[in-house]
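Novice: fold the following for me, if possible:
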Amino acid sequence: MILDEFRDSIVIYDEMLQEGPRDPLPLSSASAVIGDGPTAIHLYEFPRSAIRSVILGCRMLEAKKEEILRVLRSVDEFHDILCLRAQIDETHYRLGFTETRG
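Specialist: Here you go, the predicted model:
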């Protein structure tokens, strides 16, 4: 699973999340589980078409950003994904976002 490699670095923004709360999936239906106990991370499969954009964090290592961009370029279904790089604003308490092309 491609996203397993980037679980600590990728933030996936899905427009469906803006539509309001949804019923959570049962933990038993997870396709993979990382860790144990209450801090375990449950991963669920979803269609690639559900990914609309990827935000590369402002503290992410440049090598990791390039690796993610390489994956986005190599998968045909990912070519239309909006990729944004976050930057810390120098004068205000906020983040800025710059569109990045693969």
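Novice: in whichever strand or helix holds residue 63, what's buried?
Specialist: Per DSSP states H and E, residue 63 falls inside helix 62-74. Using 16 or more other Cβ atoms under 10 Å as the test for burial, helix 62-74 gives 64-65, 68-69, 71-72. For every residue, glycine as well, the C-beta is placed using N, CA and C.
Novice: now swap in stretch 80-92 and tell me
Specialist: Buried-residue list, stretch 80-92, by 16+ other Cβ under 10 Å: 81, 83-85.
Novice: among those residues, which are in strands?
Specialist: Within those, residues falling in strands by DSSP state E are 83-85.
Novice: pick the one among the residues you listed closest to residue 32.
Specialist: Set against residue 32, the nearest of these by Cβ to Cβ is residue 83 (24.5 Å).
Novice: measure that closest one to residue 92 for me?
Specialist: Residue 83 sits 24 Å away from residue 92, taking Cβ to Cβ, to the nearest Å as the criterion.
Novice: same check, this time on residue 81
Specialist: Note on residue 81: its distance to residue 92, by Cβ to Cβ, is 28 Å.
Novice: residue 82 too?
Specialist: Applying Cβ to Cβ, the value for residue 82 to residue 92 is 23 Å.
Novice: doesn't residue 58 make contact with residue 95?
Specialist: Yes - counting by Cβ atoms under 8 Å, residue 58 is a contact partner of residue 95 at 6.5 Å.
Novice: give me the low-pLDDT residue ranges for the protein?
Specialist: Scanning the chain with the threshold set as pLDDT under 70 gives 1-22, 101-102.
Novice: what's the overlap in contacts for residue 95 and residue 58?
Specialist: Here residue 95 and residue 58 have 86-88 as joint contacts, going by Cβ atoms under 8 Å, 6 or more residues apart in numbering.
Novice: redo these as a markdown table? Include distance to residue 100.
Specialist: Rendered in a markdown table, the data for the shared contacts of residue 95 and residue 58 read as follows (distance: Cβ to Cβ, whole Å):
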| residue | distance to residue 100 |
| --- | --- |
| 86 | 10 |
| 87 | 11 |
| 88 | 16 |
